[in-house]
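Q: take a look and give me a structure for this.
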Amino acid sequence: MASTALWAHHWAGLLLSASLLTTWSLPAAAQLTLGDRLPKATRSSLAKPTIAVSQGTAIEHREGVSFYCDTKDVNITIYWVSNNHPLKFDERMWLSTDRKNLTILTVQREDAGTYQCEVWGVLQVQSSNPTFLIVYYGPDPVEIKLEPGVPNGEAVEVIEGSNLTFSVETLSHPHPDYSWFFSNDSKPITSLSSTTSTFTLHAASKEHEGLYRCLVSNKATNLSRLGALKVRVLERVTKPCITSPNLNLVENASLVVLTCQTSHEGVGVQWFLRGQPLLPSPHLVLSADNRTLVIHGLRRDDVGPYECEVWNWGSGARSDSFRLNISYGPDRADITRGPASEAVSTIKAEFNSSLTLQCRAESQPDAEFHWTLEHSTSVWTGEQLIIEALTWEHQGTYNCVAFNSLTHLASSASVRVRVMDWPMPTYANVPNTQEQVRVKKVLTQDPPGEFHEKESSSAVHGGYSRGPRKPQPKLASDPSVPTLPKGNTESNYEVLVNPEHNLYCHINSSV
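A: The predicted structure follows:
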């Protein structure tokens, strides 16, 4: 069989000569094809060549092969064809001068296939029947693959409970034999056939973890290759938990170490803060394996919640939320007049009225409150201080101290209370305004250090005296809220009237 690509250049000159010959010897209408112009004796003058090979099989890299093209014709040229394509010569091949002998010094696997020789005459080509060359090779280096599995370092990781399929990949001719070994056992797995290049392991567990080996053998080449694969069986991860050795946490004074506790080795760890992935910073520092979180310079907004998640490529689990109990404060203390008003520094209140003072300060846990009054040794406790009926004894500067027993910090505030509007004395048997009445100025009990002499504002109208001011009603006291004592507010007043009218009044009043 002739290859057009191989002998196209050989025909080029012949076709040119034939073209010139037909141009001048035959009219255009009588021109024939080249094959039609050749006499039949000429077309059949070349005999079919035969081909011989030294051996039909050879081992790659170890053996050589010789081919011989036998033909009785002379004045011919011999060409070699391999796998229906012109043979490409390289340094491994040798060709005799007459081109009848072809030798492949060292056989390679790509030399396998069919070989033919072609005999070329002047106007004819004859091709031999094909002969076959089989090349034995391998096995090449062995690679064991595992599905499903994920390479991690020197091992392939699988998830417990999964079905594992092992397979060997190598090139070899003829087909090799396989022997599988598990871990350090020198005996092959007897349940597998010697021709099995794959096998499946069901419901993998920790006992299936170890080294798997496969010996691949080629009986034709007498070569063997050993492949190995280390298998690590990962447990399905369970829920981790967050622990902290720090119990008493104080703002700005504590360093907190949170640990993500898990029994699994080789798992990834990720932290979450308030449901979002935690971003490390100088304030929030993660260890190299992410298992511990260190919080430097603890702040009150570091309470969390925190979560940690452990995972491998086949499963994952997240911990329950973890919150920190951080003590802080008390912050700035303020005193208000009642629970819903703004902070005050001075309060004016009417005599005999009720007054509620409230002290507040942001603190965790809640602060303890202690009240004192200047020039007094008494101490009252509680967030509120209620005075049911103000007297002069209640006038002065009140101080509130907020204290946190865990942070050992305190904050204080003070307020000045002034009692306004003195009480009026009561008169009896006062004559009408036409009579001359001499009234002695009455001194009421004043706050400490403040004594005033004040004319009576009582006036007699139509023979009736103006009665004393009615005290305001007192607020009901809460047993849990401290209330200041009313003190002794009893005063004696003496009024002298005109002795001519035999009038005498002694007033015993109680505020």
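
Q: which intervals of the stretch 1-150 of the chain have sub-threshold pLDDT?
A: Applying pLDDT under 70 to the stretch 1-150 of the chain flags the ranges 1-44.

Q: kindly recompute the last result at 90.
A: For the stretch 1-150 of the chain, the stretches with pLDDT under 90 are 1-45, 122-123.

Q: please enumerate the helices of it.
A: For the stretch 1-150 of the chain, the helices defined by DSSP state H, counting those that start in this stretch occupy 4-25, 34-37, 40-43.

Q: first-to-last residue distance for stretch 174-188?
A: Taking C-alpha to C-alpha, to the nearest Å, the first and last residues of stretch 174-188 lie 22 Å apart.

Q: same question for stretch 234-249.
A: 38 Å.

Q: what lies in contact with that stretch?
A: The contact list for stretch 234-249 (C-beta atoms under 8 Å, 6 or more residues apart in numbering) reads 157-161, 206, 254-264, 266-267, 298, 306-312, 314-320, 322, 324-327, 406. Glycine gets a C-beta too; all of them are placed from N, C-alpha and C.

Q: buried stuff in stretch 135-150?
A: Applying a neighbour-count criterion of 16 or more other C-beta atoms under 10 Å, the buried positions in stretch 135-150 are 135-139, 142, 144, 146, 149.

Q: and which of these is nearest H375?
A: When the buried residues of stretch 135-150 are compared for distance to H375 (C-beta to C-beta), G149 comes out closest, at 85.6 Å.

Q: and the closest residue to that closest one other than its chain neighbours, what does it touch?
A: Among residues not flanking G149 along the chain, V156 sits closest, at 4.1 Å (C-beta to C-beta, 6 or more residues apart in numbering). By C-beta under 8 Å, 6+ apart, the contact list for V156 reads 146, 149-150, 229-232.

Q: at 6 Å instead, please
A: By C-beta atoms under 6 Å, 6 or more residues apart in numbering, the contact set of V156 is 146, 149, 231.

Q: again, but for P141
A: Not one residue lies near P141 by C-beta under 6 Å, 6+ apart.

Q: Y306 versus P277, what's the distance?
A: 12 Å (C-beta to C-beta, to the nearest Å).

Q: higher neighbour count, the two?
A: Using other C-beta atoms under 10 Å, the more surrounded residue of P277 and Y306 is Y306, with 22 against 9.

Q: doesn't L324 make contact with the more buried one?
A: No: using C-beta atoms under 6 Å as the test, Y306 is too far from L324 to be in contact (7.7 Å).

Q: what's the domain layout of this structure?
A: 4-136, 143-234, 241-327, 334-420 (automatic domain parsing).

Q: looking at these, which is buried most?
A: Most buried of those, by mean neighbour count (mean count of other C-beta atoms under 10 Å): domain 334-420, with a mean of 17.

Q: quick one: pLDDT of H173?
A: Looking at H173, its pLDDT stands at 96.

Q: from V269, how far off is the residue lying closest to R323 once chain neighbours are set aside?
A: Leaving aside its sequence neighbours, R323 sits nearest to G304 (C-beta to C-beta, 6+ apart; 4.4 Å). G304 sits 17 Å away from V269, going by C-beta to C-beta.

Q: could you do R360 as well?
A: Distance from R360 to V269, by C-beta to C-beta: 43 Å.

Q: got it, and G227?
A: From G227 to V269 the distance is 34 Å (C-beta to C-beta).

Q: what does stretch 116-125 rub up against?
A: 2, 7, 38, 46, 49, 51, 69, 71, 73, 76-81, 126-128, 130.

Q: where does pLDDT dip in the stretch 301-450 of the chain?
A: 312-315, 338-342, 375-377, 421-450.

Q: can you give me the strands in it?
A: 306-311, 316-318, 326-327, 334-337, 346-350, 355-360, 368-373, 379-381, 384-387, 396-404, 409-420 (DSSP state E, counting those that start in this stretch).

Q: distance to R291 added to these, as CSV?
A: CSV is the format used below for the strands of the stretch 301-450 of the chain (distance: least, C-beta to C-beta, whole Å):
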stretch, distance to R291
strand 306-311, 8
strand 316-318, 15
strand 326-327, 23
strand 334-337, 45
strand 346-350, 58
strand 355-360, 42
strand 368-373, 40
strand 379-381, 47
strand 384-387, 49
strand 396-404, 34
strand 409-420, 34
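
Q: of all those strands, which one is nearest T57?
A: Ranking those by distance to T57, with C-beta to C-beta as the measure, places strand 306-311 first at 55.2 Å.

Q: and the closest one, what does it pack onto?
A: Other elements packing on strand 306-311 under the criterion 3 or more C-beta pairs under 6 Å, 6 or more residues apart in numbering; DSSP states H and E are strand 268-273.

Q: so what does the strand it packs on touch, helix or strand wise?
A: strand 306-311.

Q: orientation of the strand it packs on relative to strand 268-273 in degrees?
A: Interaxial angle, strand 306-311 versus strand 268-273 (axes from the mean of the first three to the mean of the last three C-alpha atoms, to 10 degrees): 160 degrees.

Q: so what touches strand 306-311?
A: Strand 306-311 is contacted from outside by 237, 240, 242, 260, 262, 267-273, 318-319, 321-322, using C-beta under 6 Å, 6+ apart.

Q: roughly how far is that strand from the heart of the chain?
A: Relative to the chain's own centre, strand 306-311 is displaced by 8 Å; criterion: C-alpha atoms, centre = their mean, to the nearest Å.

Q: stretch 257-277 too?
A: That offset, for stretch 257-277, works out to 9 Å (C-alpha atoms, centre = their mean).

Q: can I get that stretch in CSV? Just the C-alpha atoms.
A: C-alpha atoms of stretch 257-277 as CSV (Å, rounded to 0.1, in the frame of the first residue of the first chain):
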residue,chain,number,x,y,z
VAL,A,257,-8.6,33.4,77.7
LEU,A,258,-11.4,31.6,76.0
THR,A,259,-10.7,28.0,74.8
CYS,A,260,-12.7,26.1,72.2
GLN,A,261,-12.8,22.6,73.7
THR,A,262,-13.1,19.6,71.3
SER,A,263,-12.0,16.0,71.4
HIS,A,264,-11.1,16.0,67.7
GLU,A,265,-7.6,16.2,66.4
GLY,A,266,-6.7,18.0,63.2
VAL,A,267,-10.0,19.9,62.8
GLY,A,268,-10.2,23.5,61.8
VAL,A,269,-11.5,26.1,64.3
GLN,A,270,-13.3,29.4,63.7
TRP,A,271,-14.6,31.9,66.2
PHE,A,272,-17.8,34.0,65.9
LEU,A,273,-18.6,37.2,67.8
ARG,A,274,-22.3,38.3,67.9
GLY,A,275,-23.0,35.9,65.1
GLN,A,276,-20.3,37.3,62.7
PRO,A,277,-16.9,35.8,62.0
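
Q: tell me the average confidence for it?
A: 93.

Q: so how far is V74 from Q124?
A: For Q124 relative to V74 (C-beta to C-beta), the value is 14 Å.

Q: same question for W120.
A: Counting by C-beta to C-beta, the gap from W120 to V74 is 12 Å.

Q: give the bridge partners for F199, please.
A: F199 forms beta bridges with F166, as assigned by DSSP bridges.

Q: ok, L409 next?
A: Per DSSP bridges, the residues bridged to L409 are N404.

Q: tell me where the model's unsure across the stretch 151-300 of the chain.
A: 152-153, 182-196, 199, 201, 206-207, 234-236, 245-248, 252-255, 263-267.

Q: show me where it has its helices.
A: Under DSSP H, counting those that start in this stretch, the stretch 151-300 of the chain gives no helices.

Q: what's the closest non-adjacent residue to L357?
A: Using C-beta to C-beta, 6+ apart, the closest residue to L357 is L385 (4.4 Å).
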